[in-house]
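Peer 1: Here is my input; please provide its structure:
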Amino acid sequence: MTPERRDTVRQFWIAAGLSLFAALAFYFSTNATLRDLDYTSEIASALLRGDLGLREKPPEWLNEMIPHGDRYYSAFPLGAVLSMVPIAVLQKAGLIHNFPGHVLAALIAGLCVYFFFQLAKAFGADYASHKSTSLARRILMALFPIFGTWTWCNLGFGGAWQIALGLALMGQTAALYFSLVRPSPFVAGAFFTLAFGNRTELLISLPLYLYFLWRQPNGNGFSWFRIRGIKRAFRENRPMLIRFLSVPVTLALLTAAYNFARFHSIFDFGYIHIPEVCDEPWYFPYIQPNGFGCSIFLASPFLCLLFRQGGRYKVTAWAAIAILQLVLWCHGNPGSWQFSYRYAMILLPWMFLLLAGNGPAKITVSEIFLFAVSVAINATAMWQFLWTDQIQP
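Peer 2: Numbers count the residues shown, from 1 in each chain. The predicted structure follows:
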């Protein structure tokens, strides 16, 4: 076995071990109090029966089901429903009976940690080193987005909305890994499809992944300022574009058909049809930001390190954060029952690129301190929300 192959195998087992530890720690530390809100699983089961919605009135706790005609539909996009088809198959086979929100949340947390750990290799050999200080920083950076942010508490709720956010987080992180570290356009496109299938607003980040995968004919990275060879560049990158876009385009077309079949509009996902939603005053006008909630910087002081100088992907990452946040601000409210700002989970892969790239390869005292404080804050929130009745809606 070559040294390079041996190093790859070793890094895989380190990442896998860390992922398993994270999944177990997440599972045993959380209590999925919203696991009965299994909207996507219910609609996935209906799909297996050949229906786009439920024929019978859903239980009262699924109060966001949309009565329309003789069916009850969900406001979740098609991608989120398709993500739960394997669960529906297991339920139909009688292997499981209830929505496994607790297990799913733990699996998502473990997979996120795996891909975050591997994504650090995008920042060069120093970040992939097995030296104790470099390895410690990679482990810290991999654990931080799950246990050092609002993800721990919010994903821990285990409801359909939280699982969808977790899948979007994992899909983005994996897509970045297969774009920057181990370029594979088709696999990156499939994970990007998982991400935007669960959170539709992530479609606007599509050009950034193409930017990462784009290669000039001479092997250099893409430059927006080289106009002379742009036709040749498109010709050379056509296979990449086809491989990356094949799965996202397929889901986009299926989603359009899914929306049209339910509400007679390809752009109508159904959210506006949820009973009494339009009666809530903060939904109009759409563009007005809502300040309700807890600052993500109070929930995770480690994020203060976002503003350090430097970083290989600084411009791209900040651009992604800016455009995604502008879309999130258009939402009528910041996410209702949650700790901090759950929608910001989809920003964490881009924040990871900034945090991993703008600091030294070796772990620092300030990083250890801020990481510890962030974990303590989110552990406290997770405990109060999921295990006690100290915080009530």
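
Peer 1: Who are the contact partners of the spatially closest residue to residue 34 that is not a sequence neighbour?
Peer 2: Once flanking residues are discounted, residue 34 sits nearest to residue 159: 3.3 Å by CB to CB, 6 or more residues apart in numbering. In short, each C-beta sits where N, CA and C put it, glycine included. Shown in contact with residue 159 (CB atoms under 8 Å, 6 or more residues apart in numbering): 32, 34-38, 101.

Peer 1: what's the closest of the residues you listed to residue 140?
Peer 2: For those, the closest approach to residue 140 (CB to CB) belongs to residue 32, at 26.5 Å.

Peer 1: quick one: that closest one and residue 102 touch, right?
Peer 2: Yes: counting by CB atoms under 8 Å, residue 32 touches residue 102, with 3.8 Å between them.

Peer 1: The two: which is more packed in?
Peer 2: Neighbour totals were compared for residue 32 and residue 102, and residue 32 leads with 24 against 19 (other CB atoms under 10 Å).

Peer 1: that older thread, joint contacts of residue 32 and residue 102?
Peer 2: Both residue 32 and residue 102 are contacted by residue 158, under the criterion CB under 8 Å, 6+ apart.

Peer 1: before we move on, the earlier item: return the per-residue confidence for the residue nearest to residue 34.
Peer 2: At residue 159, the predicted lDDT confidence score is 94.

Peer 1: The lowest-mean-pLDDT helix or strand in the chain: what's the following helix or strand?
Peer 2: The least trusted helix or strand in the chain, going by mean pLDDT, DSSP states H and E, turns out to be helix 125-128, with a mean of 61. Helices and strands here follow DSSP states H and E; after helix 125-128, the next one along the chain is helix 132-147.

Peer 1: buried sites along that next one?
Peer 2: The neighbour-count check on helix 132-147 (16 or more other CB atoms under 10 Å) flags 134-135, 137-147 as buried.

Peer 1: Could you tell me the average pLDDT over it, please?
Peer 2: For helix 132-147, the per-residue pLDDT averages 88.

Peer 1: That one - contacts with which helices or strands?
Peer 2: With contacts taken as 3 or more CB pairs under 8 Å, 6 or more residues apart in numbering; DSSP states H and E, helix 132-147 sits against helix 3-29, helix 101-119, helix 125-128, helix 151-156, helix 348-357, helix 365-386.

Peer 1: Try it again at 10 Å.
Peer 2: helix 3-29, helix 101-119, helix 125-128, helix 151-156, helix 160-180, helix 348-357, helix 365-386 (3 or more CB pairs under 10 Å, 6 or more residues apart in numbering; DSSP states H and E).

Peer 1: For the longest helix belonging to the chain, name the packing helices and strands.
Peer 2: Across the chain, the longest stretch assigned as helix under DSSP state H is helix 230-263. Secondary-structure packing of helix 230-263 (3+ CB pairs under 10 Å, 6+ apart): strand 66-68, strand 71-73, helix 78-83, helix 160-180, helix 185-198, helix 206-213.

Peer 1: low-confidence ranges in the stretch 251-393 of the chain?
Peer 2: 277-293, 392-393 (pLDDT under 70).

Peer 1: residues in contact with the closest residue in space to residue 386 that isn't next to it in sequence?
Peer 2: Using CB to CB, 6+ apart and skipping the chain neighbours, the partner closest in space to residue 386 is residue 31 (4.1 Å). Residues near residue 31 by CB atoms under 10 Å, 6 or more residues apart in numbering: 102, 156-158, 382-383, 385-388.

Peer 1: Of these, just the buried ones, PyMOL syntax please.
Peer 2: To isolate the buried subset of these in PyMOL, counting by 16+ other CB under 10 Å, use the following:
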select buried, resi 102+156+157+158+382+385+386
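
Peer 1: still on that earlier bit, which of the helices and strands packed on helix 132-147 sits most buried?
Peer 2: Counting by mean count of other CB atoms under 10 Å, helix 151-156 has the highest mean neighbour count of the helices and strands packed on helix 132-147, with a mean of 29.

Peer 1: sorry, back to before: please produce CSV containing the helices and strands packed on helix 132-147, extended by distance to residue 77.
Peer 2: Output for these, formatted as CSV (distance: least, CB to CB, whole Å):
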stretch, distance to residue 77
helix 3-29, 25
helix 101-119, 18
helix 125-128, 35
helix 151-156, 19
helix 160-180, 8
helix 348-357, 19
helix 365-386, 26
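
Peer 1: Output the below-cut-off pLDDT ranges for the stretch 101-250 of the chain.
Peer 2: Judged by pLDDT under 70, the stretches of the stretch 101-250 of the chain that qualify are 125-133, 216-229.

Peer 1: hmm, 80 instead?
Peer 2: Low-confidence regions of the stretch 101-250 of the chain, defined here as pLDDT under 80, cover residues 124-133, 215-232.

Peer 1: on that earlier part again, what spatial separation is found between the residue nearest to residue 34 and residue 375?
Peer 2: Using CB to CB, to the nearest Å, residue 159 is found at 23 Å from residue 375.

Peer 1: What number of residues are in the vicinity of residue 51?
Peer 2: Going by other CB under 10 Å, the residues that sit close to residue 51 add up to 13.

Peer 1: Quickly find the element holding it.
Peer 2: Using DSSP H and E, no helix or strand contains residue 51.

Peer 1: Backbone dihedrals for it, both of them.
Peer 2: Main-chain dihedrals, residue 51, degrees, to the nearest 10: phi -120, psi 150.

Peer 1: other SSEs contacting the helix or strand containing residue 46?
Peer 2: Per DSSP H and E, residue 46 falls inside helix 39-48. Judged by 3+ CB pairs under 10 Å, 6+ apart, the packing partners of helix 39-48 are strand 71-73, helix 78-83, helix 85-92, helix 160-180.

Peer 1: how far off helix 160-180 does the longest helix of the chain point, in degrees?
Peer 2: Compare the direction of helix 230-263 with that of helix 160-180 by axes from the mean of the first three to the mean of the last three CA atoms, to 10 degrees and you get 170 degrees.
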